[in-house]
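Asker: Quick one, what's the 3D model for this:
(2 chains)
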Number of protein chains: 2
Amino acid sequence: MRAVFMHGEKDIRVEETPDPVLATGPEASGRDAIVRVVASCVCGSDLWGYRGVRQADGARPMGHEFVGVVEAIGDAVATVKVGDFVIAPFYVCCNTCLNCRNGFSTSCLNGGWWGGEVKGEGRADAGQSERVRVPLADGTLVVVPGGEPDPALIPGLLTLSDVMCTGHHAALSAGVTAGSTVAVVGDGAVGLSAVIAAKRLGAARIVAMSRHESRQKLAVEFGATDVVPERGEEGIAKLKEMFDGIGPDIVLECVGTKESMDQALRSARPGGQVGFVGVPAGGPELPVGQMFSSNVGVRGGVAPVRGYIEELLPEVLDGRIQPGKVFDLELPLSGAAEAYAAMDERRAVKVLLRP
Amino acid sequence: MRAVFMHGEKDIRVEETPDPVLATGPEASGRDAIVRVVASCVCGSDLWGYRGVRQADGARPMGHEFVGVVEAIGDAVATVKVGDFVIAPFYVCCNTCLNCRNGFSTSCLNGGWWGGEVKGEGRADAGQSERVRVPLADGTLVVVPGGEPDPALIPGLLTLSDVMCTGHHAALSAGVTAGSTVAVVGDGAVGLSAVIAAKRLGAARIVAMSRHESRQKLAVEFGATDVVPERGEEGIAKLKEMFDGIGPDIVLECVGTKESMDQALRSARPGGQVGFVGVPAGGPELPVGQMFSSNVGVRGGVAPVRGYIEELLPEVLDGRIQPGKVFDLELPLSGAAEAYAAMDERRAVKVLLRP
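Answerer: Residues are numbered from 1 along each chain as shown, chains lettered A, B, ... in the order given. Have a look, this model is predicted:
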């Protein structure tokens, strides 16, 4: 089968690799499944490696967001069945350990990452490929009821793998509730999803920080009440001015740079909250003295999306939320190199890949 | 009158200074009051200056926690009356601006600090003295119902100026609720108050991190269910072990050093929360990458105690909570130098001063 590998900075290749098979032998747990990928996509976080911000060591299999059809299951798989249409969160988890039960399946005691080893369960394949071996299939995969969905719904379902649920995590972490005033820093797919999430949770006012016309338009369509193109000091001043001189209750940080986090922290009102889901690139540290004097809290991180998929799925299926609109380019898997380039050059918000 | 001044590292002097008077003249707002101090005390944060960690420029008037009797009020004072017994929070605030109404009176748009200037209201005196001019008296002071209280209640009432309410803020910021598992880092007056606060809010298990026998004993009296003397790596390992290998839901950071914050952050379970109220000494920064992967949030800061006094006051008055026990030494104001030395050398948890 074909799969996408990153060989180094701006070096994306689609290569032949053996078809995955269920684990066999005395060590096999029988808890795996083989999924035929119907759609996968490129993540903003993939770009850190693509841009050389993070060093790649050797060819790295790519992709951690995918939906598809189950083709085979191990002997011990109990809930997922052959033929099921499934959504894979961007990581592997058991969904039964204490951290999973606490709602933080990204810290699963038994899980792992796509493209890496999972303790005692062998290797998990990556998602930008034709087929994936999924360890801990019952824990990891979420079945879409009703079999293979309308093709028009595929993009929306695919966002539940990561970006829509990650935007939701930003909003939940920051405590968005009915009446909250919210600013969203970042107009990528996660930032736009955070607008949907804030709207769902009843925010009274949602400011999208964006200077790109097409993204501004989508943000407004998703529920943003205001758009602020200014950044940095000017963006902070603008937000303070819009909210009684003190700033909004909540800022959702959906970028991950030092600048964006600084802007978020300094925009929130005293006693406000920053929900952050941008992967911290290069490790900006947080100014605890500033947090101390302003009482602005910071909460968030790698989103435990497995626990959110079931909640958001019905709203995607009936069209109440349409996060699939963040995909503005669709390519065959063979066009993966162009998919990365388009996102890197900001010609596309998010690219869907169909094997 | 006499008042306490810090002249430099380990140089505390009790000096004669003019008696404060109500502001007069065309600029005077009439919103001030003169309070005769009945009791004041030394704060752990005063020790940073005492130890030379923070540079003092010139003689600094000391003290931001006091209770006393109102002796005079300005023309515009409406709620506070002459003869009222009052509790002063550790800052001056209007209690009417947007930040005050949001519950963050430490970010009052019109307030200030004891010993410093308050915009348009003149200078606020400091609390380790015989008398204090209090700007914005209606906003700042909380009247104790029933006139001058039983002398045995004075220490408990005095803790509402700062430490008891600050411990409460740590617990609230971290979201302590019925059933929470909580560890408290720091066994000073604030840490011990945080134990009371966690208990009040219904925590199921409260671990006091302390290696001092007398403080351990007080922590248990206040509601700690466990005591852990280990610190750093050993303390973290112990906490993880006690809570199913993952750590407690919540850690209350009541010290303010880089080490204590590191310990707090790394002890909480994935998705847990650190409530912090230790004044950050020397500005340790927070490791955002670690927070990202663990989803441990950080919230807290300078405690908006003005908004908590009325809630906690009845429980101090009827003895349900007895935070006054954190005072283990009482000295006359003239003994201020010894009060600082005793706290610095950890011979006392907290020292009460009576003018």
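
Asker: neighbouring contacts of stretch A:146-156?
Answerer: Stretch A:146-156 is contacted by residues A:38-39, A:67, A:69, A:83-85, A:157, A:164, A:316-317, A:321-327, A:352 when judged by CB atoms under 8 Å, 6 or more residues apart in numbering or on different chains. All C-beta spots, glycine's among them, are computed from the backbone N, C-alpha and C.

Asker: Next, the buried residues of it.
Answerer: For stretch A:146-156, a neighbour-count test (16 or more other CB atoms under 10 Å in any protein chain shown) marks A:149, A:153-156 as buried.

Asker: Would you confirm that A:C108 contacts A:L98?
Answerer: No - assessed by CB atoms under 8 Å, A:C108 is found out of contact with A:L98, at 9.6 Å.

Asker: Please identify which of these two sits among more neighbours.
Answerer: A:C108 (25 against 16; other CB atoms under 10 Å in any protein chain shown).

Asker: For B:H168, see how far away the more buried one is.
Answerer: Distance of A:C108 to B:H168, given as CB to CB, to the nearest Å: 35 Å.

Asker: what residues does the stretch 101-250 of chain A put near chain B?
Answerer: For the stretch 101-250 of chain A, the contact set with chain B under CB under 8 Å from any CB of the partner chain comprises A:102-104, A:106-107, A:109, A:173, A:244-246.

Asker: With the stretch 251-355 of chain A instead?
Answerer: Residues of the stretch 251-355 of chain A lying near chain B (CB under 8 Å from any CB): A:261, A:269-271, A:273, A:276, A:279-280, A:283-289, A:291-302, A:304.

Asker: Tell me how many other residues crowd A:V143.
Answerer: 16.

Asker: Would you mark the buried spots in the helix or strand of chain A with the lowest mean pLDDT?
Answerer: Here the helix or strand of chain A ranked lowest by mean pLDDT, DSSP states H and E is helix A:46-50, holding a mean of 87. For helix A:46-50, a neighbour-count test (16+ other CB under 10 Å) marks A:46-47, A:49-50 as buried.

Asker: and it, does that touch chain B?
Answerer: No - for helix A:46-50, no contact with chain B is found by CB under 8 Å from any CB; the gap never falls below 12.6 Å.

Asker: other SSEs contacting that helix?
Answerer: Contacting helix A:46-50 under the criterion 3 or more CB pairs under 8 Å, 6 or more residues apart in numbering or on different chains; DSSP states H and E are the following elements: strand A:2-8, helix A:336-344.

Asker: got TSV for these, with mean neighbour count and mean pLDDT too?
Answerer: Shown next, in TSV, are these (neighbours: other CB atoms under 10 Å in any protein chain shown; pLDDT from 0 to 100):
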stretch	mean neighbour count	mean pLDDT
strand A:2-8	20	95
helix A:336-344	20	97
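
Asker: For those, give me CSV that also has distance to A:A59.
Answerer: What follows is the helices and strands packed on helix A:46-50, written out as CSV (distance: least, CB to CB, whole Å):
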stretch, distance to A:A59
strand A:2-8, 4
helix A:336-344, 13
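
Asker: Tell me where chain A has helices.
Answerer: A:46-50, A:98-101, A:137-140, A:154-159, A:163-173, A:189-200, A:213-222, A:232-242, A:258-267, A:288-294, A:306-317, A:336-344 (DSSP state H).

Asker: What about A:E16, how many residues nearby?
Answerer: Neighbours of A:E16 (other CB under 10 Å): 7.

Asker: now the one 5 residues further on
Answerer: Neighbours of A:V21 under the rule other CB under 10 Å: 11.

Asker: Now for the buried residues of helix A:46-50: which two are most distant?
Answerer: A:L47 and A:G49 (7.3 Å; CB to CB).

Asker: Could you report the neighbour count for the closest residue to A:G278 other than its chain neighbours?
Answerer: In this structure, A:G278 finds its nearest non-sequential neighbour in A:G256, 2.8 Å apart by CB to CB, 6 or more residues apart in numbering or on different chains. Look at A:G256: counted by other CB under 10 Å, it has 23 neighbours.

Asker: got the contact list for A:G256?
Answerer: Going by CB under 8 Å, 6+ apart, A:G256 touches A:276, A:278-281.

Asker: and which of these is nearest chain B?
Answerer: Set against chain B, the nearest of the contacts of A:G256 by CB to the nearest CB is A:P280 (4.7 Å).

Asker: Now the phi/psi pair for the closest residue to A:C108 other than its chain neighbours, please.
Answerer: Distance criterion CB to CB, 6+ apart; nearest residue to A:C108, sequence neighbours excluded, is A:C93 at 3.8 Å. Backbone torsions of A:C93, given as degrees, to the nearest 10, read phi -150, psi 160.

Asker: Surely A:C93 is in contact with A:W113?
Answerer: No - with contacts counted by CB under 8 Å, A:C93 stays clear of A:W113, the gap being 10.4 Å.

Asker: The two: who's more crowded?
Answerer: A direct count of neighbours by other CB under 10 Å for A:C93 and A:W113 places A:C93 higher, at 27 against 14.

Asker: Can you select the buried ones from the residues of the stretch 101-250 of chain A next to chain B in ChimeraX?
Answerer: Per 16+ other CB under 10 Å, the buried members of these correspond to this ChimeraX selection:
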select /A:102,103,104,106,107,109,173,246
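
Asker: Widest-spaced pair of the residues of the stretch 101-250 of chain A next to chain B?
Answerer: A:L109 and A:G245 (46.8 Å).

Asker: mind showing which ranges of the stretch 251-355 of chain A have poor pLDDT?
Answerer: Within the stretch 251-355 of chain A, the ranges that satisfy pLDDT under 70 run A:282-284.

Asker: Let me fix that, I meant to ask about the stretch 51-200 of chain A.
Answerer: A:53-57.

Asker: ok, now with 90
Answerer: Residue ranges of the stretch 51-200 of chain A with pLDDT under 90: A:51-59, A:147.

Asker: My read is that A:I309 contacts A:C165, right?
Answerer: Yes - using CB under 8 Å, A:I309 makes contact with A:C165 at a distance of 6.3 Å.

Asker: Which members of the buried residues of stretch A:146-156 define the maximum pairwise distance?
Answerer: The most distant members of these, if one measures by CB to CB, are A:P149 and A:P155, lying 10.8 Å apart.

Asker: any idea how chain A splits into domains?
Answerer: Chain A is divided into the following domains under automatic domain parsing: A:2-162+A:304-354, A:164-300.

Asker: Those: which one's closest to B:A348?
Answerer: Evaluated over the domains of chain A, closeness to B:A348 peaks at domain A:164-300, with 25.5 Å, by CB to CB.

Asker: Between its first and last residues, how far does that closest one reach?
Answerer: 15 Å (CA to CA, to the nearest Å).

Asker: Check the offset of that domain from the chain's centre.
Answerer: Here domain A:164-300 is found 17 Å from its chain centre; the criterion is CA atoms, centre = their mean, to the nearest Å.

Asker: How about stretch A:159-170?
Answerer: Centre-to-centre, stretch A:159-170 and its host chain are 5 Å apart (CA atoms, centre = their mean).
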